[in-house]
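A.B. asks: just coords:
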């Protein structure tokens, strides 16, 4: 029987019911996110087929791992339609978003981060649906953006919906929302590990992970990736040669790349939000703003095409992944890469900042890859014996740029490795991501991020309890011993002691100096009009007993609970070995002062770590 009992005890310790629930919830989120990614891929390709390709005759190239779902229409390229088609897509997007879900405008990941920190993990059920259609219209008509925003909101929205319908606590809803973000990103970019890490890292602008999110997000991301890849294949998104890192001297141009990636990230964030704020302040119908933004973006793409006469420069519109694939293969020159890098910053701001709908991860990959391609080509000219693979700088530039802009150095490093199927560049990528992150700390692409958990509205209550639990009553005890009164003291003597002390409560002791009750200032005030019978009233008559006390080893959270329950300002602290011996009186003010000091210490430690 003993082995059976031991097995039963082990099974109970595993808490299989809790494990099963977590697995079921996360897997269900992964299924929905994966299916949503498939639906969005089809919808965005369909919009591109009939809008950008059908009306303008432009069929943008994509990464090697993304096979086209529709054959190109037999139409002639009409460059003059490039401003018109994005304007049409912007008009449709504006009408849809403003009518059904205004919060679906912009880049969806930021909205999910905001919901995590400030909305208890709640997202309206219609938002992911509106976001999916609006983003497909924006991207399919040539608006500049990425696919991760709508997919992240599909996963996050379903995670929030599932937790709400099941009546789960707010903490669980936030976790499932974040797991949905990881599932969406992991599936659409075929990077399940990075998706799990991304959902835990994107929430904060400082190097901090939401540890509780990692495991649920990993399960959801794996399931979503498998669902999506069953339809579109399990290969990497981009095809790359056998890149290697073979010389420490390569770190010199990689350091230059880190600096330029950080500066570029700062430029992108500045341009994006300047355009966003201009459109926000513009007194013009919100439904028409995306149309204006789309028209200007399309005009910029047309202008660059007429100047450079290279169709690859049109990657400033739509996804732009074809530019990254071409740069990796070495098919793009420096001037085209520079035009794409700068142009993509502006067109993304115009397409999304005007009220359009799409993600910003994709444009960041294109801009970063273009900057990396420029550095790689120049470094090859200056150091031909050391830099033999300029395409490697494209891959590393993608990672460094987004790490700087989004404050996600670890997940971005893994994501780019998974997206390219190349893990030989982890060392230079880690170098560039780390340096770019440190240099660009003043710029933040996701405005809803908070620096750390201490700064998150979602954790204010939890941090309050955490600090109070960490501190003990003995940590706030101090000062002279409390003034006590004898249980035989009459009212006249009690009043004299009351006027000479600042205490709110007075322990009442017997002949052996053991506490038998307590008298409060309110009890004494209630007897002030009975001065004529002062000699007849003694402390034993007016004291409260039994007394709720504290121990030196109690934590401050326990003390606060007793203060609130009793509506008391002070509580006596008694010795553990002698419950009748009063050691001190602790007040609410003492507890809150200790909490404030400890919180300031933690904030100062975080600030010191940042510097």
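C.D. replies: Received, thanks. Only a predicted model underlies this, so the values are computations on that prediction, with no experimental measurement involved.
A.B. asks: Chain neighbours aside, what residue packs nearest to residue 426?
C.D. replies: residue 417 (6.3 Å; Cβ to Cβ, 6 or more residues apart in numbering). C-beta coordinates here come from the backbone N, C-alpha and C atoms, glycine included.
A.B. asks: From start to finish, how long is stretch 298-318 in a straight line?
C.D. replies: Taking Cα to Cα, to the nearest Å, stretch 298-318 runs 10 Å from one end to the other.
A.B. asks: And for that stretch, what's in contact with it?
C.D. replies: Residues outside stretch 298-318 that contact it (Cβ atoms under 8 Å, 6 or more residues apart in numbering) are 48, 52, 58, 60-61, 79-80, 82-87, 139-140, 142-144, 297, 321-323, 326, 331-332, 335-336, 339-340, 343-344, 346-347, 350, 366.
A.B. asks: make it 6 Å
C.D. replies: With Cβ atoms under 6 Å, 6 or more residues apart in numbering as the test, stretch 298-318 has contacts from 60, 79, 82-83, 86, 139, 142, 144, 322-323, 326, 332, 336, 339-340, 343-344, 347.
A.B. asks: One more: stretch 188-196?
C.D. replies: With Cβ under 6 Å, 6+ apart as the criterion, stretch 188-196 contacts 37, 147, 151, 182, 185-186, 214, 217-218, 221-222, 225, 237, 411, 414-415, 418-419.
A.B. asks: What segments of the stretch 201-350 of the chain are helices?
C.D. replies: Along the stretch 201-350 of the chain, counting by DSSP state H, counting those that start in this stretch, helices occupy 211-232, 251-281, 289-308, 321-328, 334-353.
A.B. asks: Return the most buried member of the ones you listed.
C.D. replies: Among these, ranked by average contacts under mean count of other Cβ atoms under 10 Å, first place goes to helix 321-328 (a mean of 27).
A.B. asks: Quick one: mean pLDDT over that one.
C.D. replies: The average pLDDT within helix 321-328 is 92.
A.B. asks: give me the low-pLDDT residue ranges for the chain?
C.D. replies: The model of the chain has pLDDT under 70 over residues 1-18, 74, 460-466, 479, 527-535, 603, 605-611.
A.B. asks: let's go with 50 and repeat that
C.D. replies: Applying pLDDT under 50 to the chain flags residues 1, 7, 10-14.
A.B. asks: those strands in it, which residues are they?
C.D. replies: 485-486, 505-509, 515-520, 570-574, 582-587 (DSSP state E).
A.B. asks: strands paired with the shortest one, and their directions?
C.D. replies: Pairing partners of strand 485-486, with direction, according to DSSP bridges: strand 505-509 (parallel).
A.B. asks: and the strand it pairs with with strand 582-587, angle?
C.D. replies: Per axes from the mean of the first three to the mean of the last three Cα atoms, to 10 degrees, the angle that strand 505-509 makes with strand 582-587 is 160 degrees.
A.B. asks: What lies in contact with strand 505-509?
C.D. replies: Contacts for strand 505-509 (Cβ under 6 Å, 6+ apart): 484-485, 487, 515-520, 539, 543, 570, 572, 582.
A.B. asks: Serialize those residues to JSON lines and add fields for neighbour count and distance to residue 392.
C.D. replies: Formatted as JSON lines, the contacts of strand 505-509 follow (neighbours: other Cβ atoms under 10 Å; distance: Cβ to Cβ, whole Å):
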{"residue": "484", "neighbour count": "20", "distance to residue 392": "78"}
{"residue": "485", "neighbour count": "22", "distance to residue 392": "82"}
{"residue": "487", "neighbour count": "19", "distance to residue 392": "85"}
{"residue": "515", "neighbour count": "24", "distance to residue 392": "76"}
{"residue": "516", "neighbour count": "17", "distance to residue 392": "81"}
{"residue": "517", "neighbour count": "19", "distance to residue 392": "80"}
{"residue": "518", "neighbour count": "26", "distance to residue 392": "75"}
{"residue": "519", "neighbour count": "25", "distance to residue 392": "80"}
{"residue": "520", "neighbour count": "18", "distance to residue 392": "75"}
{"residue": "539", "neighbour count": "27", "distance to residue 392": "85"}
{"residue": "543", "neighbour count": "20", "distance to residue 392": "81"}
{"residue": "570", "neighbour count": "21", "distance to residue 392": "68"}
{"residue": "572", "neighbour count": "21", "distance to residue 392": "70"}
{"residue": "582", "neighbour count": "22", "distance to residue 392": "73"}
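A.B. asks: Could you export these as TSV, including distance to residue 198?
C.D. replies: Formatted as TSV, these follow (distance: Cβ to Cβ, whole Å):
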residue	distance to residue 198
484	61
485	64
487	67
515	58
516	62
517	60
518	56
519	60
520	56
539	66
543	62
570	50
572	52
582	55
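A.B. asks: Which two among the residues you listed are spaced furthest apart?
C.D. replies: The span of the contacts of strand 505-509, defined through Cβ to Cβ, is set by 487 and 570 at 19.1 Å.
A.B. asks: Of all the strands of the chain, which one is nearest residue 444?
C.D. replies: For residue 444, the closest of these is strand 582-587, at 41.4 Å, according to Cβ to Cβ.
A.B. asks: elements contacting the closest one?
C.D. replies: The contact analysis (3 or more Cβ pairs under 6 Å, 6 or more residues apart in numbering; DSSP states H and E) places strand 582-587 against strand 570-574.
A.B. asks: got the angle between the strand it packs on and strand 582-587?
C.D. replies: Going by the same axes, to 10 degrees, strand 570-574 makes 150 degrees with strand 582-587.
A.B. asks: how distant is strand 570-574 from the center of its chain?
C.D. replies: Centroid separation for strand 570-574 versus its chain: 43 Å, with Cα atoms, centre = their mean, to the nearest Å.
A.B. asks: Quick check: which helices or strands does that strand pack against?
C.D. replies: With contacts taken as 3+ Cβ pairs under 6 Å, 6+ apart, strand 570-574 sits against strand 582-587.
A.B. asks: Mind listing residues that contact stretch 567-575?
C.D. replies: Residues from elsewhere that reach stretch 567-575, judged by Cβ under 6 Å, 6+ apart: 473, 504-505, 507, 549-550, 581-588.
A.B. asks: which of those count as buried?
C.D. replies: By neighbour count, with 16 or more other Cβ atoms under 10 Å, those hold 473, 505, 507, 549-550, 581-587 as buried.
A.B. asks: For residue 556, state which of those is nearest.
C.D. replies: Once Cβ to Cβ is applied, the member of the buried ones among the contacts of stretch 567-575 that ends up nearest residue 556 is residue 473, at 7.0 Å.
A.B. asks: Apart from its chain neighbours, what residue comes closest to the spatially most central residue of the chain?
C.D. replies: With distances taken as Cα atoms, centre = their mean, residue 203 lies nearest the centre of the chain, 1.5 Å away. Nearest residue to residue 203 in three dimensions, chain neighbours excluded: residue 210, at 5.2 Å (Cβ to Cβ, 6+ apart).
A.B. asks: Residue 206 too?
C.D. replies: Closest to residue 206 by Cβ to Cβ, 6+ apart is residue 451, at 4.6 Å.
A.B. asks: doesn't residue 205 make contact with the one you found?
C.D. replies: Yes: between residue 451 and residue 205 there is a contact under Cβ atoms under 6 Å: 5.4 Å.
A.B. asks: ok, back up a step: just checking, the residue nearest to residue 203 touches residue 202?
C.D. replies: No: Residue 210 is beyond contact range of residue 202, at 9.0 Å (criterion: Cβ under 6 Å).
A.B. asks: Compare neighbour counts for those two and give me the winner.
C.D. replies: Counted by other Cβ atoms under 10 Å, residue 210 and residue 202 do not tie: residue 202 has more neighbours, with 29 against 21.
A.B. asks: Return the residues in contact with the more buried one.
C.D. replies: Contacts here follow Cβ under 6 Å, 6+ apart; on that basis residue 202 touches residue 408.
A.B. asks: again with residue 595
C.D. replies: Contacts for residue 595 (Cβ under 6 Å, 6+ apart) come out as residue 467.
A.B. asks: Could you measure from it over to residue 471?
C.D. replies: 7 Å (Cβ to Cβ, to the nearest Å).
A.B. asks: how many other residues sit next to residue 599?
C.D. replies: Residue neighbour count, defined by other Cβ under 10 Å, stands at 14 for residue 599.
A.B. asks: No further questions, thank you.
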